[in-house]
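Chemist: need coordinates for the following:
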Amino acid sequence: MQFSTLFIAIVAFATVVVASPTGPISDRKAIENETTSSIISEAEMAHWLANTDAELTFIGQPPNPLAKRSAQSTSVMYCTKRVGSICGGTCTVYTGGATCLAAANTMCISATRDVGFCDEAGCNGNCAPLSLCGSPMGSGFCFTPQTMSILVSPL
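Modeler: Numbering: from 1, shown residues only. From the prediction side, this is the model:
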């Protein structure tokens, strides 16, 4: 009788160990959330645009998640001022396909897909992916001083 009780306890413990997710909760959440703080959804971008007091300039196609081929389109916001964790000032919003955007005086960037930000015009010089933002800010922006151009990829 003691052997069967011990056997049942061991089987129950093994079942719990096998069925439990592994790794710390923070690791699991990082895996579940594939976007970084600087790559945001189209809904998050629309919310920011609707509630900002920044001066906005739109280039490219108007943002429209219902447009045909919107899955092949990227929206990028880049602004000229940073105050603490807030990005603002004069902001440009680009929506469209692959291109190199002239972005002199850019201080912060946010996008709906990964883009590259470069320290020279023409998408030359040192470029870094937005997904590896070293200085995340609030509202899904990345602090990117000395950005001169932004590479929007077709992928």
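Chemist: longest strand of the chain?
Modeler: As assigned by DSSP state E, the longest strand anywhere in the chain is strand 99-111.
Chemist: any weak-confidence spans in the protein?
Modeler: 1-37, 63-71, 155 (pLDDT under 70).
Chemist: and the helices in it?
Modeler: Taking DSSP state H as the criterion, the chain carries its helices at 2-19, 25-32, 42-51.
Chemist: for Leu56, give me its contacts.
Modeler: 49, 91-93 (Cβ atoms under 8 Å, 6 or more residues apart in numbering). The C-beta positions use only the backbone N, C-alpha and C, and glycine is treated the same way.
Chemist: among these, name the ones in strands.
Modeler: Going by DSSP E, the strands hold 91-93 from the contacts of Leu56.
Chemist: by neighbours, which of the residues you listed wins?
Modeler: When neighbours are taken as other Cβ atoms under 10 Å, the top entry among the ones in strands among the contacts of Leu56 is Cys91 (24 neighbours).
Chemist: distance of that one from Leu56?
Modeler: As for Cys91, its distance to Leu56 is 5 Å (criterion: Cβ to Cβ, to the nearest Å).
Chemist: which among the contacts of Leu56 gets closest to Cys133?
Modeler: Closest to Cys133 out of those is Cys91 (17.3 Å), distances taken as Cβ to Cβ.
Chemist: grab the nearest non-local neighbour of the closest one.
Modeler: Among residues not flanking Cys91 along the chain, Cys79 sits closest, at 4.0 Å (Cβ to Cβ, 6 or more residues apart in numbering).
Chemist: also Asn124?
Modeler: Nearest non-adjacent residue to Asn124, counting by Cβ to Cβ, 6+ apart: Cys118, 6.3 Å away.
Chemist: same question, Leu151
Modeler: Gly116 (3.8 Å).
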